[in-house]
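Asks: Build me a structure from this.
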Amino acid sequence: MQLSPETIYQYIYVLPRGSLKAALIKGLRQQRKYRRKRKIATAKTEETRGKIADMLSIEERPAEVADRTVPGHWEGDLIMGKYKQTAMGTLVERTTRYTLMVPLKAKDAVSVRKAYVKAIRTLPKEFAKSLTYDQGKEMSDHKKFTLATGMKVYFAHPGSPWERGTNENTNGLIRQYFPKGTDFRTVSTKEIKRVQRELNGRPRAAIGYRKPDEVIQQLVALKTGD
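Replies: A predicted model of the protein is given here:
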């Protein structure tokens, strides 16, 4: 007999509250207590989020981004801290799952743009092709970000986190280190980078149980001919 992962998830989430359900949930990778439903984007959703000027829609992304055949295409988001007063940026490369965790002094557009540019400049240019992001106001400076990095920014539809599924899944892993309610003002850059190294050294099923840092190093070596 074979069981799919979906069957196992459905069984766990229909269990009544109790010690068995609590124990099984602890075994899940992201330890969510309930299944999140996908929200359908509506006109009201778009109105409440507002509009960012001169956005490039995710529908305009090149095909190579969707099929993950070419590395260098990233997804990004903010992980919010306590009372949503602080935040940390996360950038994940779609092909290798390599993750950049970006400390932020503030979560306004200028602060986020400067921090993201600094993080992207640590990469070889060949691995900085595009960024897919949600329509959060912190990315309002996307045109200046593109000028500084050469990376076009494509925006997902409102209320559609699955369009940045790699980033969403990675954020779930990061929450194991920095749970909801974390005050990022009390978290040092040294600690953030320690977690980044640990995450990139963690075998991932999506890349054949290889480590993201090993995969990206191999690709860099191929590019440079070493």
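Asks: what about residue 221, which helix or strand?
Replies: Secondary structure from DSSP states H and E places residue 221 in helix 212-224.
Asks: That should have said residue 110, apologies.
Replies: Assigned by DSSP H and E, residue 110 falls in helix 109-120.
Asks: Chain neighbours aside, what residue packs nearest to residue 220?
Replies: residue 124 (5.9 Å; C-beta to C-beta, 6 or more residues apart in numbering). Quick note: C-beta positions are derived from backbone N, CA and C, even for glycine.
Asks: Thought residue 222 was touching that neighbour, still the case?
Replies: No. Contact criterion C-beta atoms under 8 Å: residue 124 and residue 222 do not qualify, at 11.3 Å.
Asks: Stretch 186-205: which residues count as buried?
Replies: 187, 192, 195-196, 199-200, 204 (16 or more other C-beta atoms under 10 Å).
Asks: With stretch 169-182 instead?
Replies: By 16+ other C-beta under 10 Å, the buried positions in stretch 169-182 come out as 169-171, 173-174, 177-178, 182.
Asks: Looking at those, spot the one nearest residue 159.
Replies: If you rank the buried residues of stretch 169-182 by distance to residue 159 using C-beta to C-beta, residue 171 comes first, at 16.3 Å.
Asks: quick one: contacts for the closest one?
Replies: Under the criterion of C-beta atoms under 8 Å, 6 or more residues apart in numbering, the neighbours of residue 171 are 77, 79, 90.
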